[in-house]
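A.B. asks: show me the folded form of this:
(4 chains)
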There are 2 protein chains.
Amino acid sequence: MALMRRARRRDLNLENGQSASMGWQAQKSAATQRRVLEAAIACFVEVGYARTTTTLIAERAGLSRGAMLHHFPSKAEVVKAAIDYLHTKRLRAFRKAIAAIQPGNDQVRSALRAYWAQVTHPLFFAFVELKVNGRTDPELAEILDPAQAAFDEEWTDTARELFPEWRDDPNGLETALDLLQYVLDGMALNLADGRPNVHSDRMLDYLESRLRELRPLVSTRAAE
Amino acid sequence: MALMRRARRRDLNLENGQSASMGWQAQKSAATQRRVLEAAIACFVEVGYARTTTTLIAERAGLSRGAMLHHFPSKAEVVKAAIDYLHTKRLRAFRKAIAAIQPGNDQVRSALRAYWAQVTHPLFFAFVELKVNGRTDPELAEILDPAQAAFDEEWTDTARELFPEWRDDPNGLETALDLLQYVLDGMALNLADGRPNVHSDRMLDYLESRLRELRPLVSTRAAE
DNA sequence: TCTTTTTCAGACAGTCCTGACGGATTTGTT
DNA sequence: AACAAATCCGTCAGGACTGTCTGAAAAAGA
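C.D. replies: Predicted coordinates:
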């Protein structure tokens, strides 16, 4: 039984759609834990990582601190779980956005917009908070780095699938991906508020042209 | 006299080269204050803004907390003064780098490298710390925003001077400047450690080509 | 030399956060 | 119904940080 509880807790971090399979009261536990994690992430976004206290998280989750500390015995555990949760959430949103890209449509533009949406999403701010604080917090970096690496890998794999014509020019593909990432990250950080403006619109157009330019010519280019 | 002290303190924040003009013992005071501010900035870089405590700053400056609180009556004042100090320091370093660019040399490359040096400098991490924490700390943002704006303005003015041939294409110039800033900021953040690698080198080359491309043709282009 | 001002150091109270504990309530099982 | 376990809550001591206070040392002026 204690074994099942542990398993249950693992499940939450990886998936959160399957609540029917287990008929226990554990559902409530899982729901509570999810509430806590979402509250934690919301705190990262709204008050910053540094000022996120266990009191604040519990309050926001509609829970007492004691109750929260029952599910997550220490603050570090909450943070770790929240990072995993955030990571899967970002990845899921990203996959969804990518899956919506049809081969018939303008793939470059779609991928660009998908990444841009990714980066202007509030969750990205949470990630930035963690990343910046991770620079001076080795313990945090240790949790964060794998997540970041997994996200990057997923992204490049997806890109390779989406643009098979780039297969023979890995250097060009890497350049394009780096360019995309750097520009959008830099833009997201400088825009502070996620609102698009004249700078971001112009830069997105410009960037789109450059990516098109970097892309090898496809033999049958019906989309362009 | 108390009036002079105040004036003296102002002077430090704006300039710190002129210690000969005032023959007072105030020099020691100025030196101490400078030590404090440099210690504060070093703390931002090394342990992050959030974990920077007055105790840590004083310790690092080789001072007692009481002594420090004599010069800066509260932590907020230290932070404010440190930001001003950091700002002038970055600006000075930047001006120096720009001034070294000769019309005869490759101006695009030089300007690019100057900005890149700017962004890989430790002081940039301090700025990032402040910027990110400013997102959720209005009081900090209030101090930071003017400094950032001044820096940007200085940078664009310098660029306008340096590249007069861009006068008739303000949109192109803005695009180029935005591109430069976004790419390098994004790169600096993703590289965490300031070390250049294959990604940064490749991107710098690519970026240089794009900037050249954006630049209007100069009638007498001896430098190219 | 004596006085005044400035600079520096240590000690103090007040506040906040964390983690631990004991008890109450709810849920699942027999 | 009765018992066991899980879930939840309030309180506590310990530690850290900030800001204020008092007093000593050093420098300037008379």
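A.B. asks: count the residues that sit near the residue of chain A found nearest DNA strand D.
C.D. replies: The minimum distance from chain A to DNA strand D, using Cβ to the nearest atom of the strand, falls at A:G66 (2.6 Å). In this view, the C-beta of every residue, glycine as well, is placed from N, C-alpha and C. Residues lying near A:G66 (other Cβ atoms under 10 Å in any protein chain shown) number 8.
A.B. asks: quick one: which helix or strand includes it?
C.D. replies: helix A:65-71 (DSSP states H and E).
A.B. asks: I would like the residues contacting the next helix or strand after that helix, please.
C.D. replies: Sequence-wise, the next helix or strand downstream of helix A:65-71 (DSSP H and E) is helix A:75-99. By Cβ atoms under 8 Å, 6 or more residues apart in numbering or on different chains, the list of residues contacting helix A:75-99 from outside reads A:13-14, A:33-34, A:36-38, A:40-41, A:44, A:54, A:57, A:68, A:72, A:111, A:114, A:117-118, A:121, A:123-124, A:126-127, A:130, A:139-140, A:143-144, A:147, A:150-151, A:154-155, A:158, A:162.
A.B. asks: helix A:75-99 vs DNA strand C: in contact?
C.D. replies: Yes: with Cβ under 7 Å from any atom of the strand as the criterion, DNA strand C is reached by helix A:75-99 at A:K75, A:A76.
A.B. asks: which helix or strand lies directly C-terminal to that helix?
C.D. replies: Per DSSP H and E, helix A:75-99 leads on to helix A:107-120 as the next helix or strand towards the C-terminus.
A.B. asks: in the helix or strand just after that following helix, what's buried?
C.D. replies: On the C-terminal side of helix A:107-120, the nearest following helix or strand under DSSP H and E is helix A:122-135. Residues A:123-135 are the ones in helix A:122-135 that count as buried (16 or more other Cβ atoms under 10 Å in any protein chain shown).
A.B. asks: against which helices or strands is whichever helix or strand comes after helix A:122-135 packed?
C.D. replies: Downstream of helix A:122-135, the first helix or strand assigned by DSSP H and E is helix A:138-162. Where contact means 3 or more Cβ pairs under 8 Å, 6 or more residues apart in numbering or on different chains; DSSP states H and E, helix A:138-162 is packed against helix A:75-99, helix A:107-120, helix A:122-135, helix A:170-191.
A.B. asks: against A:L130, how distant is the closest residue to A:A147 other than its chain neighbours?
C.D. replies: Of all residues not flanking A:A147 in the chain, A:H87 sits nearest, at 4.1 Å (Cβ to Cβ, 6 or more residues apart in numbering or on different chains). Distance of A:H87 to A:L130, given as Cβ to Cβ, to the nearest Å: 10 Å.
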